[in-house]
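**Q** need the 3D shape of this:
(one chain, ligands or ions: 2)
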Amino acid sequence: MRKLLPILIIPTLASCSTMQSTKTAEVLEVVTADLARADGSWAGVATISKRTDGIFFSLTAEAPSAGTYGMHLHAVGKCQGPDFTSAGPHWNPAMKQHGRDNPMGAHDGDLPNVDATADRKITLEYKLTDIVLSGPMGLLDADGGSLIIHEKADDYKTDPSGNSGKRIICGVFKSGNRS
Ligand SMILES: [Cu+2]
Ligand SMILES: [Zn+2]
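**A** Ligands and ions are numbered 1, 2, ... in the order given. Predicted coordinates for the structure are as follows:
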């Protein structure tokens, strides 16, 4: 993890059940998803932190192999293997079409493709556009929300899912205070 934004280490620590929450005044809300593969094995952790300076996404995950993978926020907080269809479609509160390159898009849940290195690791963090986390229009609405990583790259235009293939990794977002 880069040292540029040390505050992002906090949600990572918060995901460890033995750690006490150590929010600073800058962090307003944190949601974390433990990621699992279709067979239920551990595959990483994703965190969304709402801060006074924006909403930040961070991910540490282990892909099946080096390569590029599609990734989205999905509408339902339920990860039932092996196909993870329980997670529903892409999170889309604004009722748009799929894809950042689609003139009718994009879904709020459309995230950039991710690259896994030769050792299969995915590690990233970036600022999200101002999505809503809580409330009826939020990612964590009544039926929750999830993160899905797909077997193939997203083409950024094909509605509704960017031709990204099977869902191979899934995690349900939960409120970050898990100590
Ligand atoms: Cu997806
Ligand atoms: Zn989409």
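
**Q** per-residue confidence at the residue nearest to the spatial centre of the chain?
**A** For the chain, the residue sitting closest to the mean C-alpha position, by C-alpha atoms, centre = their mean, is L147 at 4.0 Å. L147 carries a pLDDT value of 98.

**Q** specify the beta-bridge partners of the residue in the chain that ligand 1 sits nearest to.
**A** Closest contact between the chain and ligand 1, by C-beta to the ion, is at H72 (3.4 Å). Yep, even glycine has a C-beta here, placed from its N, CA and C like the rest. For H72, the beta-bridge partners are D110, I148 (DSSP bridges).

**Q** what does F173 give?
**A** Here F173 shows beta-bridge partners A33, assigned using DSSP bridges.

**Q** may I ask you to confirm that it is in contact with A33?
**A** Yes - F173 is within contact range of A33, at 4.7 Å (criterion: C-beta atoms under 8 Å).

**Q** near ligand 2, anything from stretch 138-153?
**A** No - against ligand 2, stretch 138-153 shows no contacts by C-beta under 5 Å from the ion, the least distance being 10.3 Å.

**Q** which parts of stretch 114-132 are buried?
**A** V114, A116, I122, L124, E125, I131 (16 or more other C-beta atoms under 10 Å).

**Q** avg pLDDT for that stretch?
**A** 94.

**Q** and that stretch, anywhere near ligand 1?
**A** No - judged by C-beta under 5 Å from the ion, stretch 114-132 stays clear of ligand 1, getting no closer than 11.8 Å.

**Q** chain center to that stretch: distance?
**A** 9 Å (C-alpha atoms, centre = their mean, to the nearest Å).

**Q** residue numbers of this protein in contact with ligand 2?
**A** So far as C-beta under 5 Å from the ion goes, the chain lies against ligand 2 at H90, H98, H107, D110.
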